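Asker: return a 3D structure for these sequence lines:
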Amino acid sequence: APKIRRLSNLQWKYVLNCLKTRAEKHELKERDLFIASLMYGLYLRTCELTPRFGWEPKMNSFYMDNDGNWWFKVLGKGSKFRDIAVSESVLNALKRYRKSMNLNSFPNFRDETPLFMNQKTNQVIINTRSFSRIIKHAFYEASAALIVDGFITEAESLQEATPHWLRHTGISKM
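Answerer: Next up is the predicted model:
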C-alpha cells in the first residue's frame, strides 16, 4: 500500500494544541502557530514562504479584493505568482498573529512589514530550513504528547512526517 503523507485529524489537533500552548506561554511563538496555519490552510510549500528572486512575503501579500474576499499573493513553483483564496480560519490566524505584533487586525496595501522575522536576530527568515525546523519541532512536541496520551501509532507516524505533509493535509481536507 502507498504511504499516506498527510496528518490524521488527531495528529493535526495535537500539533495545533502544542503550537497554541507554546504561543500562550510565549507571545513570540505566535509566529510558529501562524506558519503552521498558513502551510495547512493555504497549502503552501516552505519555499513559498521564503524570499527569493527579489520577492519577499510581506504583510501586504494579504489583500482584499473589491468583493471583500481576502487573497494571499505568493511566488510559487516555477517562479510564478499565484493568488490563493484565504479562508476564515487563516484570516483568524492572521489577526491573532498581527495582534501579537501590536499591528491592526488586517494589513493594507502599504504594509511592508516582513511576514516572518527571526526573533533572536530581528532579521527576515531567509531559508526553508528555518521553516522546516519550526514545523519539525511542533511535530516532535505533538508526538511526545500523543505518546503520553497513549496514541503510540499516531505518534510514530508523526515522527516520520515532514513539513510538506501540512500541504497534503490541507489539500486532502479541502
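
Asker: all contacts plus neighbour counts: C-alpha atoms, from now on.
Answerer: Noted.

Asker: need the longest helix for this protein.
Answerer: If you go by DSSP state H, the chain has its longest helix at helix 128-148.

Asker: and the next helix or strand past that one?
Answerer: helix 152-160 (DSSP states H and E).

Asker: quick one on the thing from earlier: in the longest helix of the chain, what counts as buried?
Answerer: If you call a residue buried by 16 or more other CA atoms under 10 Å, then helix 128-148 has these buried ones: 131-132, 134-146.

Asker: which of these lies closest to residue 15?
Answerer: residue 142 (5.0 Å; CA to CA).

Asker: re the thing from before, which strands or helices does the longest helix of the chain pack on?
Answerer: helix 9-25, helix 30-41, helix 152-160 (3 or more CA pairs under 8 Å, 6 or more residues apart in numbering; DSSP states H and E).

Asker: not counting that helix itself, show me its contacts.
Answerer: Residues outside helix 128-148 that contact it (CA atoms under 8 Å, 6 or more residues apart in numbering) are 11, 14-15, 17-19, 32, 35-36, 46-47, 49-50, 152, 154-156, 158-159, 161-163.

Asker: just the buried subset of those, written out for PyMOL, thanks.
Answerer: Selecting only the buried entries of those in PyMOL, with 16+ other CA under 10 Å as the criterion:
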select buried, resi 11+14+15+17+18+19+32+35+36+46+47+49+50+154+155+158+159+161+162+163
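
Asker: residue 30 versus the nearest residue to residue 32 once chain neighbours are set aside, what's the distance?
Answerer: Residue nearest to residue 32 in three dimensions, not counting chain neighbours: residue 134, with 6.4 Å by CA to CA, 6 or more residues apart in numbering. Note on residue 134: its distance to residue 30, by CA to CA, to the nearest Å, is 12 Å.
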